[in-house]
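Participant: Would you be able to build a 3D model of this:
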Amino acid sequence: MADGKNVYEGLCMACHMNEGQGIASVFPPLAKSDYLMKDLDRSINVLIKGQQGEITVNGKIYKGAMPATGLDDKDIADVLNYVRNSWGNKGDKVTAEHVAKVRAKK
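Facilitator: Model prediction:
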């Protein structure tokens with residue numbers, strides 16, 4: 001998970017903060033996040049394509065935007081393994097192969 005932590009610290013931490021707590025009403029939390037944990041493919045697509053519009057995370061509405069990350073499949077898998085298994089989250093392993101399959105879907 002060290003590679004994922006490095007990606008997180010370099011790309012994600014400025015908005016989602018050091019413990020994944022986010023910033024209230026601005027950047028949603030990743031720690032104990034129902035939105036993050038509910039749909040792996042959606043999380044992969046957010047990292048690949050970015051996201052705009054309203055989302056609900058842990059019962060709170062966020063109306064921001066997240067840009068596409070530009071990460072390759074391995075880095076996406078690594079960072080998702082890190083955030084999905086940190087700060088109270090417990091997720092299944094994400095592989096670069098699975099990320100590639102999601103990326104290939106139109």
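Participant: all contacts plus neighbour counts: C-alpha atoms, from now on.
Facilitator: OK.
Participant: in the chain, which ranges drop under the pLDDT threshold?
Facilitator: In the predicted model, the chain carries pLDDT under 70 at residues 106.
Participant: Would you mind measuring from the residue nearest to residue 8 when sequence neighbours are not counted to residue 53?
Facilitator: Nearest in space to residue 8, with sequence neighbours left out and distances taken as Cα to Cα, 6 or more residues apart in numbering, is residue 79 at 6.0 Å. Between residue 79 and residue 53 the computed distance is 23 Å (Cα to Cα, to the nearest Å).
Participant: who's more crowded, the two?
Facilitator: Of the pair residue 79 and residue 53, residue 79 is the one with more neighbours under other Cα atoms under 10 Å, namely 25 against 9.
Participant: Spell out which residues sit in contact with that one, please.
Facilitator: For residue 79, the residues meeting the contact criterion (Cα atoms under 8 Å, 6 or more residues apart in numbering) are 1, 3, 4, 5, 7, 8.
Participant: how does it look with 6 Å?
Facilitator: Contacts for residue 79 (Cα atoms under 6 Å, 6 or more residues apart in numbering) come out as 4, 7, 8.
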